[in-house]
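1. structure for this input, please:
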Amino acid sequence: MDFTTVIGLEVHAQLLTKSKIFCSCSTTFGASPNSHTCPVCLGMPGVLPVLNKTVVEFAMKMALATNCNINKFSSFARKNYFYPDLPKAYQISQYSEPLAEHGYMDIELDGKMKRIGITRIHIEEDAGKLLHDDHNPFSYVDLNRTGVPLIEIVSEPDMHSAEEAAAYLRALHEILVYLEICDGTMEEGSFRCDANVSIMPVGSQEFGTRAELKNMNSFRNVQRAIEYEVKRQSYLIENGGRVIQETRLWDANAGVSNSMRGKEEAHDYRYFPDPDLLPVIVNDDWIARMRESLPELPAAKRARFIADYEIPAYDAGVLTADKRLSFYYEEVVRLSGKPKQASNWVMGEVLRLLNEDKKDISACAVSPAGLAMLLELIEKGTISGKMAKDVIVEMYVAGAMPDEIIATKGLSQISDESAIIATITDIIAKNPEQLEQFRAGKDKLFGFFVGQAMKATGGKANPALLNDLLKKMLAAN
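-> Residues are numbered from 1 along each chain as shown. As a prediction, the model looks like this:
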């Protein structure tokens with residue numbers, strides 16, 4: 001049978017506030033267990049939560065960036081369930097009256113654009129974390145994360161392949177990081193994704209039974225998990241079985257998902273309005289201020305790079321994937337006036353060196369001014385492109401400017417025509433046999449003469465000038 005895959009994603013993004021959503025405890029990651037807690041986030045009797053205004057503003061920014069309608073009235077509810085990492089035995093979230101709804105985001109895949117609907121964006125608090133002892137029958141609870149602010153971004157079931165889901169997730173991640181409201185670190189749990197996956201016969205209008213996938217901690221694992229789930233459901237149906245509604249955990253090491261709980265075990269969260277929190281009232285002025293505060297977003301920046309700098313779409317995609325990298329590139333272009341050369345060197349040598357050290361552009365010792373100067377020295381013929389690759393390594397290691405490195409190591413390219421002519425004259429005189437063979441039509445020997453000239457000059461001869469003079473002199477002798 002041929003099936004259509006239907007995918008919807010639920011993304012939780014931890015907001016980059018200094019304090020938690022309903023108290024003043026720090027949100028810093030990596031602190032000693034239970035050191036960032038207080039009576040409010042521990043759910044002690046008699047305490048009252050107070051909403052962090054920055055949380056609302058960060059959520060509004062994401063809503064505007066994804067074309068959502070911001071509701072003028074939204075409210076909080078209690079989501080009730082019992083688990084050791086939830087000290088209040090309920091989670092404060094938004095349910096029937098979320099902050100934002102009915103948005104969309106355009107993604108590009110294989111050169112084609114597709115619009116993915118966004119059902120809602122709502123605010124909620126995070127739960128704590130359980131740590132399980134591998135050697136003893138004990139579990140430990142760390143409540144530092146309890147009360148850390150989250151937004152949940154729920155998509156429409158508009159994706160029909162694992163590749164589309166991965167592209168949507170990457171685009172969402174880019175926007176969150178560009179807005180500087182989430183650091184997007186999946187390994188630390190600040191960007192988490194659950195996927196709802198179902199299949200239905202091609203042409204059918206009725207969705208199949210969906211399975212929810214959890215525990216996916218990278219873009220690659222999201223794609224792998226969805227691909228596996230589609231194959232699993234297809235195999236079941238084609239062999240007379242049926243898909244049951246359940247939650248499944250992805251095992252990245254084994255490359256399979258395993259059942260966590262079935263529909264009959266699904267929670268009834270018994271949502272009801274939180275009596276301790278006032279509704280959130282948003283007016284037009286507040287929305288306008290948030291809209292004005294938005295930076296240039298990734299898609300708009302890519303389009304501008306292609307139009308203004310006349311670089312390929314691929315280059316623009318790489319250079320805008322990281323906001324800091326885009327700033328770095330634009331500064332190199334501003335200083336050098338060479339957009340394509342800057343693109344080649346940033347994407348080539350700069351990113352190669354950073355990737356080898358597993359660092360990002362913020363840790364790069366090659367300054368935009370240094371790279372711009374290097375491009376200028378190449379254009380002037382002071383050094384060759386090959387020599388420049390050695391120079392940039394020295395710049396990366398030492399943090400020095402290229403002219404200093406060239407002067408210290410004596411790397412200046414020989415562009416003096418008389419000096420190169422003298423070198424060629426000497427080489428021709430020492431290799432009469434090769435000269436005769438070249439004149440007789442053995443054109444490959446031209447490379448021999450180039451090699452001898454480069455050897456004689458220590459690799460410093462200007463390649464273009466050397467080739468031009470060598471052609472003339474070999475033909476004249």
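
2. distance-wise, check S139 relative to P149.
-> 25 Å (Cβ to Cβ, to the nearest Å). Every C-beta, even on glycine, is put in place using the N, C-alpha and C of the backbone.

3. for the two, indicate the residue with more neighbours.
-> Just comparing S139 and P149: by other Cβ atoms under 10 Å the higher neighbour count belongs to P149, 26 against 11.

4. find the nearest non-adjacent residue to that one, please.
-> Distances taken as Cβ to Cβ, 6 or more residues apart in numbering place I21 nearest to P149, at 3.8 Å, with adjacent residues excluded.

5. quickly find the element holding that neighbour.
-> In the assignment (DSSP states H and E), I21 maps to no helix and no strand.

6. again with G8
-> Applying DSSP H and E, one finds G8 within strand 3-14.

7. could you point out which element follows that strand?
-> Downstream of strand 3-14, the first helix or strand assigned by DSSP H and E is helix 53-65.

8. output the contacting helices and strands for the helix or strand just after that next one.
-> Remark: after helix 53-65, the chain's next helix or strand is strand 69-70, criterion DSSP H and E. Identification of packing neighbours for strand 69-70 by 3 or more Cβ pairs under 8 Å, 6 or more residues apart in numbering; DSSP states H and E yields helix 53-65, strand 100-109.

9. quick one, helices of the stretch 151-300 of the chain?
-> In order along the chain, the stretch 151-300 of the chain carries the following helices (DSSP state H, counting those that start in this stretch): 162-178, 219-238, 284-292, 298-309.

10. quick one: those helices as TSV, columns for mean neighbour count and distance to R145 too.
-> As requested, those are arranged in TSV below (neighbours: other Cβ atoms under 10 Å; distance: least, Cβ to Cβ, whole Å):
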stretch	mean neighbour count	distance to R145
helix 162-178	21	18
helix 219-238	18	21
helix 284-292	12	27
helix 298-309	16	28
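
11. so which of the ones you listed gets nearest V40?
-> Using Cβ to Cβ as the criterion, the shortest distance between V40 and these is 25.4 Å, found for helix 284-292.

12. returning to that earlier point: go ahead and confirm the residue nearest to P149 touches N52.
-> Yes: with contact taken as Cβ atoms under 8 Å, I21 and N52 are classed as touching, separated by 5.2 Å.

13. which of these two has more neighbours?
-> Looking at I21 and N52 with other Cβ under 10 Å, you find the greater number of neighbours at I21, namely 27 against 22.

14. list the contacts of the more buried one.
-> For I21, the contacting residues are 49, 51-52, 55, 92, 123, 125, 147-149, by Cβ atoms under 8 Å, 6 or more residues apart in numbering.

15. mind running it again at 10 Å?
-> With contacts taken as Cβ atoms under 10 Å, 6 or more residues apart in numbering, I21 has the following neighbours: 15, 27, 40-41, 49-52, 54-56, 76, 92, 123-126, 147-150.

16. distance of it from F29?
-> Distance, I21 to F29, using Cβ to Cβ: 16 Å.

17. and if you look at V148?
-> Relative to F29, V148 is positioned 9 Å away (Cβ to Cβ).

18. which one's more surrounded, those two?
-> Using other Cβ under 10 Å as the criterion, V148 and F29 rank with V148 on top: 24 against 15.

19. okay, that one: pLDDT?
-> According to the predicted model, the pLDDT of V148 comes to 97.

20. count the residues that sit near the nearest residue to it once chain neighbours are set aside.
-> If the residues on either side of it in the chain are set aside, V148 comes closest to D126, at 4.2 Å by Cβ to Cβ, 6+ apart. By other Cβ under 10 Å, 25 other residues sit near D126.

21. residues touching D126, list them.
-> Taking Cβ under 10 Å, 6+ apart, we find D126 in contact with 12, 14-15, 20-21, 27, 41, 85-86, 91, 144-150, 189-190, 192.

22. tell me the contacts of E156?
-> For E156, the contact set (Cβ under 10 Å, 6+ apart) comprises 8-9, 102-104, 115-120.

23. nope, M105 is what I was after
-> Counted by Cβ under 10 Å, 6+ apart, M105 has contacts 65-68, 114-118, 153, 155, 158, 168, 171-172, 175, 299.

24. cool, and T185?
-> Applying Cβ under 10 Å, 6+ apart as the definition, the contact partners of T185 turn out to be 14, 29, 177, 191.

25. any idea how far the third one lies from P39?
-> Right, V177. According to Cβ to Cβ, V177 stands 34 Å off from P39.

26. for the last one, same thing?
-> Summarising the geometry, the distance separating F191 from P39, computed by Cβ to Cβ, is 29 Å.

27. those two: who's more crowded?
-> Comparing F191 with P39 by other Cβ under 10 Å, the one with more neighbours is F191, at 22 against 11.

28. what's opposite the more buried one in the beta bridge?
-> Following DSSP bridges, F191 is listed with bridge partners A13.

29. surely it meets V11?
-> Yes: the pair F191 and V11 qualifies as a contact (Cβ atoms under 10 Å) at a distance of 7.2 Å.

30. which residues do the two both contact?
-> Taking Cβ under 10 Å, 6+ apart as the contact criterion, the residues that touch both F191 and V11 are 169, 172-173, 176, 182.

31. got JSON lines for those residues, with distance to R220 too?
-> Rendered in JSON lines, the data for the shared contacts of F191 and V11 read as follows (distance: Cβ to Cβ, whole Å):
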{"residue": "L169", "distance to R220": "11"}
{"residue": "L172", "distance to R220": "16"}
{"residue": "H173", "distance to R220": "13"}
{"residue": "L176", "distance to R220": "19"}
{"residue": "C182", "distance to R220": "20"}
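
32. of all these, which two lie farthest apart?
-> Farthest-apart pair in those is L169 and C182; separation 13.0 Å (Cβ to Cβ).

33. give me the common contacts of these two.
-> With contacts defined as Cβ under 10 Å, 6+ apart, the residues shared by L169 and C182 are 11, 191.

34. burial count for the nearest residue to L143 once chain neighbours are set aside?
-> Excluding the flanking residues, the one nearest L143 by Cβ to Cβ, 6+ apart is G128, at 4.2 Å. Here the neighbour count serves as a burial measure; for G128 (other Cβ under 10 Å) it reads 23.

35. pretty sure G128 sits against C41.
-> Yes: judged on Cβ under 10 Å, G128 makes contact with C41 at a distance of 9.0 Å.

36. what do the two both touch?
-> Contact with both G128 and C41 is made by residues 87, 143-148, according to Cβ under 10 Å, 6+ apart.

37. now do the contacts for the nearest residue to P339 once chain neighbours are set aside.
-> If the residues on either side of it in the chain are set aside, P339 comes closest to Y309, at 3.7 Å by Cβ to Cβ, 6+ apart. For Y309, the contacting residues are 315-316, 319, 329-330, 333, 338-340, 342-343, by Cβ under 10 Å, 6+ apart.

38. kindly report the same for C193.
-> By Cβ under 10 Å, 6+ apart, the residues touching C193 are 9-13, 153, 165-166, 168-169, 172-173, 186, 213-219, 221-222, 225.

39. for the contacts of Y309, which one is nearest D2?
-> Taking Cβ to Cβ as the measure, A316 is the one of the contacts of Y309 closest to D2, at 36.4 Å.
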